[in-house]
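Undergrad: I need the structure of the sequence given here:
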Amino acid sequence: MGKYSPNVIANCLASCAMHNPGGEVVVYGDRRVTWLELWTRSSKLANALIGLGVKKGDKVCFMFHNVPEFLEVNYAVQAAGAVPVPMNYRFIAREVEYQAGHCDASVFIYDSLFNAAVEGAAPRLSKIESFIRLGEGELSGALDYEEVVKSGVARDPEVENDWDDVAAMIYTGGTTGFPKGVMLTYAAHAEMHSALLARVVTRAVDVQLTDEQMAGVGDTFPLPGAKLVLPLTRTGAFKRFMKREGVYKAIYKGLYRAYTHPEVARFAYDKTLKYMIPSMPLFHDASYQILFLASMFGNICFVLVDDVKFNPERVLALAEKEEILFMANVPTGWKKIVGFEGRHKFNLESVKIAATGAGAASAGLKKKIFETFPNIIVVDMFGQTEMTPITTFRIDADPSTLKDRSVGKSIIEAKVVDESGRELPQGEIGEILYKSKTVMKGYYKDEEKTGEVINDGWFRGGDLGYIDDEGEIRLVDRKKECINTGGEKVFPLEVEEVIHEHEAVDDACVIGVPDEDWGSTVRAVVQLKPGKDASEKEIIDFLRDKLAGYKIPKSVVFVKELPLSPVGKVLRAKIREQYGRP
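TA: Below is the predicted model:
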């Protein structure tokens, strides 16, 4: 594992603090946290938690938005040998009660910003032995966060754990009943990142880059001498060489060794890469997994916006000030940024990689990202929490080659099957299945549901799609969202993408409405842009020459705001509940 600690994360943090003590890991408002400071505070907190009775394998809930404390709590819990259970900071008391109770947490650490939810649930959380609060509050007996940190000793707790142990428990969004606790291991994260980066390296040679984009890749790539090697990638001989499967395996093995032996990574990589994830909460695995990447390599600095709400102007101002290299957003976040009227007043030339994930980004949205950020490369990543989470990616360097609903090629084994499990040929729509070492250990305390989605090592994610003639996976929709109307299948995502083309539409959600004659009819629930107006007839007429007749909504409902999940996905179940009656 390494020479610093028998604990995976304590080992990584010690390496980072030793080899890059002054390197910044978090920028948050006026605070600039170094790796040495993070190691010191996390080690103190880890020992303090052990002093409170936390043992190896115990669960610790914590509730913070994207702040430095999120990182130090998460790493402290792992260094103590326990399992961190990050919680959605938008939860109300009932939801806090469910997750904290279901995961069997013994300690709950939280920010006073969320007093109402946590302290409202506290009387019914009998398993919680200690509440630790950052800031003031009314909960009797709650310990002060800073006092707890001060009480600990800045040394390695030396709690031994293994790569196959559960590193974190991330709860799903609960779109189909109660949220489920997804158990993810340390090894799964190392496997996912190794496979992802190895595939990025071997596939990137097929992407036609401008000189400016090539220079940007050299700045972004965490390899010594990358700028000297990159020009060779344009030669035919190099491209043929990189496409060999043996080359991928060699790169993968090297990366996996670097991930699992942090002292190797720290001697090899000496750049600080500034990351922004403004619309991606750290409690969601789409961004949580980057915490592992940061701790393994010690060269990522999280630039966090000191605001719970998403403000595109503040995001762009901070990106300019800190000269961000890598920015990741969910599609909703990107829509707000590229739709912000004052976006062009900012100097955004430092941003070299624009990543999108946790939802399908249309070609039209990606085109606007290219227009906003000069010399950018767009990386579209797709996956699911249960897969730790990335399963596919696509690299776009030219707006003229964009493809709708393509999430690229898989980085792991993948296939498309019909209802009986038979693998379908290229071009036919079915459910996408994955097989990999990155698959979750299971749902916590739910073997039945685990067995429903994992069969013979294959994970059924519930997404419908097909493999196109270039071997890329094209998303169609969630399996459960398909609308059957008069014997025809309508996929909401397809209809929504066309509705979004209307100049007055800000967002839209398509649902099925029960109908005696047709089984279901199609309804669009539409949110208009501020100051814009449109009628039901206008929306329907707009779609007439763009969609088959049976796909066109029979009714349109206008709403002030669509309900969104913490990562910006439209909550279709809530919309059906509110607007799905005939």
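Undergrad: Just the mean pLDDT for stretch 371-382, thanks.
TA: The average pLDDT for stretch 371-382 rounds to 90.
Undergrad: do stretch 88-106 as well
TA: When pLDDT is averaged over stretch 88-106, the result is 92.
Undergrad: Would you mind listing the outside residues contacting it?
TA: The contact list for stretch 88-106, computed with C-beta atoms under 8 Å, 6 or more residues apart in numbering, reads 53-54, 58-61, 63-65, 85, 87, 108, 111, 113-114, 116-118, 120-121, 124-125, 127-130, 169, 171, 178-179, 181, 281, 283, 308, 444-445, 566. Yep, even glycine has a C-beta here, placed from its N, CA and C like the rest.
Undergrad: same question, stretch 487-496
TA: 360, 405, 464, 475-477, 481-484, 508-512, 519, 522, 524, 543, 547, 550-553, 572.
Undergrad: Which among the residues you listed count as buried?
TA: 360, 405, 464, 475-477, 481-483, 508-512, 522, 524, 543, 547, 550-553, 572 (16 or more other C-beta atoms under 10 Å).
Undergrad: from those residues, which ones fall inside helices?
TA: In helices, judged by DSSP state H, the following of those are found: 543, 572.
Undergrad: circling back to that earlier point, and the contacts of stretch 88-106, which of them are buried?
TA: Buried members of the contacts of stretch 88-106, counted by 16+ other C-beta under 10 Å: 54, 58-61, 63-65, 85, 87, 108, 111, 113-114, 117-118, 120-121, 125, 128, 130, 169, 171, 179, 181, 281, 283, 444, 566.
Undergrad: Give me the residue at the spatial middle of the protein.
TA: residue 286 (1.2 Å; C-alpha atoms, centre = their mean).
Undergrad: how about whichever strand or helix holds that one: buried residues?
TA: Using DSSP states H and E, the element containing residue 286 is helix 285-297. For helix 285-297, burial by neighbour count (16+ other C-beta under 10 Å) applies to 285-297.
Undergrad: Just give the strands next to the host helix or strand of residue 393 in its sheet, each with its orientation.
TA: Per DSSP H and E: residue 393 is located in strand 390-396. Paired neighbours of strand 390-396 in the sheet (DSSP bridges): strand 377-383 (antiparallel), strand 409-410 (antiparallel).
Undergrad: That one vs helix 285-297, what angle?
TA: Angle, strand 390-396 to helix 285-297, by axes from the mean of the first three to the mean of the last three C-alpha atoms, to 10 degrees: 90 degrees.
Undergrad: mind listing what's buried in stretch 569-582?
TA: By neighbour count on 16+ other C-beta under 10 Å, the buried set for stretch 569-582 is 569-576, 579-580.
Undergrad: nearest to residue 205, of these?
TA: Checking those against residue 205 by C-beta to C-beta gives residue 569 as the nearest, at 33.3 Å.
Undergrad: related to what we said a few turns ago, quick check: which helices or strands does the helix holding residue 286 pack against?
TA: Here helix 285-297 is seen to pack against helix 8-19, helix 68-79, strand 166-171, helix 186-203, helix 245-260, helix 262-268, strand 300-304 when contacts are counted using 3 or more C-beta pairs under 8 Å, 6 or more residues apart in numbering; DSSP states H and E.
Undergrad: Pick out the shakiest of these, pLDDT-wise.
TA: When the helices and strands packed on helix 285-297 are ranked by mean pLDDT, helix 262-268 comes last with a mean of 67.
Undergrad: hmm, what's the outermost residue in this structure?
TA: Outermost residue of the chain (C-alpha atoms, centre = their mean): residue 517, 41.3 Å.
Undergrad: give me phi/psi at residue 441?
TA: phi -70, psi -20 (degrees, to the nearest 10).
Undergrad: I misspoke; the intended subject was residue 506.
TA: phi -90, psi -40.
Undergrad: Tell me the spacing between the residue lying closest to it once chain neighbours are set aside and residue 500.
TA: Residue nearest to residue 506 in three dimensions, not counting chain neighbours: residue 529, with 4.3 Å by C-beta to C-beta, 6 or more residues apart in numbering. Distance, residue 529 to residue 500, using C-beta to C-beta, to the nearest Å: 11 Å.
Undergrad: Same question for residue 87.
TA: 32 Å.
Undergrad: show me where the stretch 51-200 of the chain has strands.
TA: 59-63, 83-86, 107-111, 130-134, 143-144, 166-171, 181-185 (DSSP state E, counting those that start in this stretch).
Undergrad: Give me the contacts around the shortest one.
TA: Contact partners of strand 143-144, identified using C-beta under 8 Å, 6+ apart, comprise 130-133.
Undergrad: what's the offset of it from the middle of its chain?
TA: 31 Å (C-alpha atoms, centre = their mean, to the nearest Å).
Undergrad: avg pLDDT for it?
TA: 98.
Undergrad: now the last one
TA: Taken as a whole, strand 181-185 has a mean pLDDT of 96.
Undergrad: Residues contacting that strand, please?
TA: Contacts of strand 181-185 (C-beta under 8 Å, 6+ apart): 85, 99, 102-103, 163-172, 285, 385-386, 388, 440-446.
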